[in-house]
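A.B. asks: model the structure of this input:
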Amino acid sequence: MAVETSATTPSGGYEPKWKKKKTLAEEAGTGIGLVGNIPVVFRQGNETRRTLALAGSPLSFAAAQAGQAIRYGCKKGECGTCEALCNGKWIRPCVAVIPELPAGEEFVLVVKEIKKAKSSGKFFSVRSFIMGFYNNLLGMVGFVKQRRAAKKNFQERLELEEMIRKKALEKKNARASEGL
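C.D. replies: A predicted model of the protein is given here:
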């Protein structure tokens, strides 16, 4: 068990700004992690990571304990972002648990590779500046077209309201002349 430590100097009260963080096993308090009896192997491309886990513990905890990065989406097992291959079947590590295995057998998981996005290394580039200008221009043209269509609809609505007002006035006058 790792214990939070704080170093002090002989001259008195120096307290460091950092403290040792607890491992997942220590946080869970259930012995999950290197205390387990089932070897778990994560393979991703050419890289292999190993850890131990207890049967029934979440696979995502074992992955974190081993330092294995798995891309998660929903953390509920619905989206399939985290899918990994295990014994010829696709499983979802975000909700899967470590199964009970016979002694000496390893739980091997082949994890999808995480693609890293390319970065140009620059915040602004000439291309991004031109594309931004082009995008803004398209937006302005769209607003002008939309405004023209709205103005036409507004004129039609005004004409229709004027026609309704005239017909209502005619009916009112006709009723008034009948009443005389």
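
A.B. asks: okay, CA-based contacts and neighbour counts for the rest of this
C.D. replies: Will do.

A.B. asks: now residue 95. Its backbone dihedrals?
C.D. replies: Note on residue 95: its backbone torsions stand at phi -120, psi -10 [degrees, to the nearest 10].

A.B. asks: that one and residue 138, how far apart?
C.D. replies: 45 Å (CA to CA, to the nearest Å).

A.B. asks: so which of these two has more stuff around it?
C.D. replies: residue 95 (14 against 11; other CA atoms under 10 Å).

A.B. asks: how about the helices in the chain?
C.D. replies: In the chain, the segments counted as helices under DSSP state H are 24-28, 59-66, 126-179.

A.B. asks: shouldn't residue 65 be in contact with residue 51?
C.D. replies: Yes: counting by CA atoms under 8 Å, residue 65 does reach residue 51; the two are 7.1 Å apart.

A.B. asks: lowest-confidence stretch among the helices of the chain?
C.D. replies: Ranked by mean pLDDT, the helices of the chain end with helix 24-28 at the bottom, a mean of 60.

A.B. asks: which residue comes closest to the residue minimising distance to the centre of the chain once chain neighbours are left out?
C.D. replies: Computing the C-alpha centroid of the chain and ranking residues by CA atoms, centre = their mean puts residue 73 first, at 5.4 Å. Closest residue to residue 73 in three dimensions, ignoring its sequence neighbours and counting by CA to CA, 6 or more residues apart in numbering: residue 81, at 5.6 Å.
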